[in-house]
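Novice: Just to be clear, the model below is a prediction. Sequence and coordinates:
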Amino acid sequence: MTAMLASLFTTAMELSGRQRFFLMLPLCLSIAIVYKAIRNDSMQRFPIGVLTLWVTIVMGLVAVGGGLWVLFRIMV
């Protein structure tokens, strides 16, 4: 039983690029929720602030990833 649990941490899962992107979305959402919970003055604006920050983070990461992909294609 212990070896089976240990294999979860020692054996990497095969993930496609799309699966990695979808795993990034809840991580960015949790970062946006924690940041807005600390920095927000009013709880009435909390949901729209979280949504705005989440979209900003995701679009920023997509832009950085796209820029690095273009740079990689130019270099190769």
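Specialist: Okay, I see it.
Novice: how many neighbours does Lys10 have?
Specialist: That one is not Lys; residue 10 is Thr. 7 (other C-beta atoms under 10 Å). Every C-beta, even on glycine, is put in place using the N, C-alpha and C of the backbone.
Novice: Make 44 the first number, not 1, from now on.
Specialist: Okay, using 44 as the starting number, the last item reads as Thr53.
Novice: Strands of this structure, start to end?
Specialist: Taking DSSP state E, the chain contains no strands at all.
Novice: Could I get the full set of helices for it?
Specialist: Counting by DSSP state H, the chain has helices at residues 45-53, 60-82, 89-118.
Novice: which residue sits closest to the residue most central in space within the chain in space, ignoring its chain neighbours?
Specialist: By C-alpha atoms, centre = their mean, the mean C-alpha position of the chain lies nearest to Met67, the distance being 2.9 Å. Distance criterion C-beta to C-beta, 6 or more residues apart in numbering; nearest residue to Met67, sequence neighbours excluded, is Leu104 at 6.8 Å.
Novice: how far away is that neighbour from Ile74?
Specialist: Separation of Leu104 from Ile74 (C-beta to C-beta, to the nearest Å): 11 Å.
Novice: same thing with Gly92?
Specialist: Counting by C-beta to C-beta, the gap from Gly92 to Ile74 is 13 Å.
Novice: more crowded one of those two?
Specialist: Gly92 (20 against 14).
Novice: so who does the more buried one touch?
Specialist: 79, 83 (C-beta atoms under 8 Å, 6 or more residues apart in numbering).
Novice: quick one: pLDDT of it?
Specialist: Looking at Gly92, its pLDDT reads 94.
Novice: still on that earlier bit, now the weakest link among the helices of the chain, please, by mean pLDDT.
Specialist: helix 45-53 has the lowest average pLDDT among the helices of the chain, namely a mean of 81.
Novice: Contacts for that helix, please.
Specialist: Contacts of helix 45-53 (C-beta under 8 Å, 6+ apart): none.
Novice: Put the alpha carbons of that helix into CSV.
Specialist: What follows is helix 45-53, C-alpha atoms only, in CSV (Å, rounded to 0.1, in the frame of the first residue of the first chain):
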residue,chain,number,x,y,z
THR,A,45,2.8,2.4,0.9
ALA,A,46,4.7,1.7,-2.4
MET,A,47,1.5,2.4,-4.3
LEU,A,48,1.1,5.8,-2.6
ALA,A,49,4.8,6.6,-3.1
SER,A,50,4.5,5.9,-6.8
LEU,A,51,2.0,8.8,-7.1
PHE,A,52,4.9,11.1,-6.2
THR,A,53,7.7,9.4,-8.1
